[in-house]
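**Q** when you get a sec, could you give me coordinates for this:
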Amino acid sequence: MANYQLDETDRKILSFLVNNARMPYQEIARECGISGAAVHQRIKKLEDNEVITGSQMLVKPGALGLNVCAFISVSLTEANKYQEVVDALKHIPEIVECHFVTGRAALLLKLYCIDNDHLMEAIINTIQRIPYVQSTETMISLDQAFDRQVWVKDFKSTTFRNL
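**A** Model (predicted):
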């Protein structure tokens, strides 16, 4: 397991990329006081060490008619069937996040649906029919106060390990 120690320049680069993933490397280089080639090499090293795990375009769910955001906690009948349940949940397109959590429930899901009828259909006819799902509890988001990436600016001695 190799450790990768971030220095201040790496943190600056990450900060720029988190705020604007399309920022040109040359502009990042200018802001960091290094060459464009150095930025390219550092980003490649951050990717190779899995500090950066990819980039993607973000689409507002409402633009697609997905107007209901819900969080569902899922309790399992058998804890050791966790992976089987997760494998089944991966096939449900409405689910955008799945977390294994502590507490009464085993899983916390985030999903987007068109409306409450669509949400009810996803819960009753899809999620609750997965073997080993014991029960669910649903919370509907009324508003998303904010959304952001991880905070990278002030972490002075951050070590990331390749797992």
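
**Q** run through the residues that contact the closest residue in space to S73 that isn't next to it in sequence.
**A** Spatial nearest neighbour of S73, chain neighbours left out: A105 (3.6 Å); criterion: C-beta to C-beta, 6 or more residues apart in numbering. Heads up, the C-betas are built off the backbone N, CA and C, glycines and all. For A105, the contacting residues are S73, V74, S75, E137, by C-beta atoms under 8 Å, 6 or more residues apart in numbering.

**Q** domain map for the chain?
**A** 7-56, 61-141 (automatic domain parsing).

**Q** okay, the ones you listed in TSV with mean pLDDT next?
**A** Putting these into TSV (pLDDT from 0 to 100) gives the following:
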stretch	mean pLDDT
domain 7-56	92
domain 61-141	97
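
**Q** now render the ones you listed as a markdown table, adding distance to Q149.
**A** Converted to a markdown table, these look like this (distance: least, C-beta to C-beta, whole Å):
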| stretch | distance to Q149 |
| --- | --- |
| domain 7-56 | 4 |
| domain 61-141 | 14 |
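
**Q** quick one: the helices in the protein?
**A** Under the criterion DSSP state H, the chain contains helices at 8-19, 25-32, 36-48, 82-89, 116-125.

**Q** dump the ones you listed into JSON lines; add mean neighbour count and distance to D143 as well.
**A** Below are the helices of the chain laid out as JSON lines (neighbours: other C-beta atoms under 10 Å; distance: least, C-beta to C-beta, whole Å):
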{"stretch": "helix 8-19", "mean neighbour count": "18", "distance to D143": "23"}
{"stretch": "helix 25-32", "mean neighbour count": "16", "distance to D143": "34"}
{"stretch": "helix 36-48", "mean neighbour count": "15", "distance to D143": "34"}
{"stretch": "helix 82-89", "mean neighbour count": "15", "distance to D143": "26"}
{"stretch": "helix 116-125", "mean neighbour count": "15", "distance to D143": "16"}
